[in-house]
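> Sequence and predicted structure are below.
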Amino acid sequence: MKAYIFPGQGSQFVGMGKELYETRATAQALFEQANEILGFRITDIMFAGTEEDLKQTKVTQPAIFLHSAILALTTPNFQPDMVAGHSLGEFSALVANKTLQFEDALSLVYQRALAMQKACEQNPSTMAAVLGLDDEKVEQICRSITDEIVVAANYNCQGQLVISGSFQGIEKATPLLKEAGAKRVLPLQVGGAFHSPLMESARQELAEAIEKTTFYVPICPIYQNVNALPTTEVATIKANLIAQLTAPVRWTQTIQNMVKDGATQFIECGPGKVLQGLVKKIAPSAKVGSIA
């Protein structure tokens with residue numbers, strides 16, 4: 001069975017989507033529609049902007065979504081048996097399995113980006129990647145810090161868990177994690193503490209937007225970040241999509257469950273190769289590839 005997987009923030013690069021725009025008329029039309037919906041020419045930044053311009057959350061999130069979703073919508077014989085997306089990638093996955101229409105998903109992604117940017121400004125915060133330590137140990141250390149917010153945020157693969165929280169929370173956790181045997185604790189260059197309670201204001205804003213948006217019954221299951229379980233229930237998909245902003249991304253468990261349910265081939269749809277690398281670590285026997 002084919003599982004299509006969609007990357008999240010961090011996989012962007014200058015030039016992303018340019019070849020797609022230039023070689024597929026249907027893709028070009030969708031990119032131009034996106035420029036109109038957003039009210040600025042995001043394609044100019046994607047194709048020839050600076051890395052700094054592309055790093056802005058309000059640009060990064062719609063840019064990655066556009067690359068992934070337009071690839072899915074314009075690739076011949078695109079027939080997923082199951083889909084999943086890493087954080088932001090969940091919106092691309094929902095376009096790929098027909099739960100969301102392209103223009104609705106783009107509007108939600110842009111509102112999500114702006115709400116997250118605002119939450120980051122209200123609560124200066126950060127994230128760090130913890131390498132070489134059991135998930136349970138990382139969780140235990142995060143729980144032991146009671147005077148600051150610090151939580152497990154991204155379960156990327158065995159031995160790679162990203163923590164998220166206040167600057168002081170990450171600072172307090174770092175020496176404890178190293179003492180417990182972490183090979184490295186790497187600060188990430190991100191705008192704030194994504195997938196933590198510090199995103200609560202953004203979650204509330206996104207919830208309002210999602211409730212006003214039409215969701216359709218999907219053509220195949222989506223395995224969602226919040227619980228790593230498959231669903232085709234519209235109400236469940238909406239609830240999980242809202243909860244995602246303050247809950248961890250259970251990517252390790254997602255890939256494990258997809259394999260258990262029959263996935264033999266994982267195809268990354270979008271910029272970069274990050275997810276292919278993670279799948280190889282989580283499920284070494286699975287085939288991996290991409291459409292990019």
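Now that the structure is in, tell me what you want to look at.
> And Ala292, what's its pLDDT?
On pLDDT, Ala292 comes in at 68.
> Now do the contacts for the nearest residue to Ser11 once chain neighbours are set aside.
Among residues not flanking Ser11 along the chain, Gly272 sits closest, at 3.4 Å (CB to CB, 6 or more residues apart in numbering). (Glycine included, C-beta is placed from N, CA and C.) By CB atoms under 8 Å, 6 or more residues apart in numbering, the contact list for Gly272 reads Pro7, Gly10, Ser11, Gln12, Phe13, Ala292.
> which residues in the protein form strands?
Secondary structure of the chain by DSSP state E: the strands cover 2-6, 82-85, 125-131, 150-157, 160-166, 184-187, 222-223, 230-231, 265-269, 287-291.
> per-residue pLDDT, the nearest residue to Gln265 once chain neighbours are set aside?
Of all residues not flanking Gln265 in the chain, Lys287 sits nearest, at 4.5 Å (CB to CB, 6+ apart). pLDDT recorded at Lys287 is 97.
> Wait, Lys287 touches Phe266, no?
Yes. At 7.1 Å, Lys287 and Phe266 qualify as touching, with contact defined as CB atoms under 8 Å.
> With neighbour numbers in mind, choose between the two.
Phe266 (26 against 12; other CB atoms under 10 Å).
> show me the contacts for the more buried one.
Residues counted as contacts of Phe266 (CB under 8 Å, 6+ apart) are 3-5, 255, 258, 275-276, 279, 283, 286-289.
> give me the low-pLDDT residue ranges for the stretch 151-292 of the chain?
Across the stretch 151-292 of the chain, residues meeting the criterion (pLDDT under 70) sit at 292.
> I figured Ser290 hits Gln265, correct?
No. Contact criterion CB under 8 Å: Ser290 and Gln265 do not qualify, at 11.3 Å.
> Looking at the two, which is more packed in?
Ser290 (17 against 13).
> ok, the closest residue to the more buried one other than its chain neighbours to Ala84 distance?
Leaving aside its chain neighbours, Ser290 sits nearest to Glu268 (4.3 Å; criterion: CB to CB, 6+ apart). From Glu268 over to Ala84 the distance is 11 Å, taken as CB to CB, to the nearest Å.
> Mutual contacts of these two, please.
What both Glu268 and Ala84 touch, as defined by CB under 8 Å, 6+ apart, is the set Ile5, Phe6.
> picking that back up, which one of the strands of the chain lies closest to Gln140?
With CB to CB as the criterion, Gln140 lies closest to strand 150-157 of these, at 9.9 Å.
> for Ile255, what are its contacts?
Counted by CB under 8 Å, 6+ apart, Ile255 has contacts Ala84, Phe266, Leu278, Val279, Ile282, Ala283.
> tell me the domain ranges of the chain?
The record assigns the chain these domain ranges, following automatic domain parsing: 2-121+197-291, 124-187.
> what's the burial count for Gln140?
13.
> ok, now Glu136?
Other residues close to Glu136 by other CB under 10 Å number 9.
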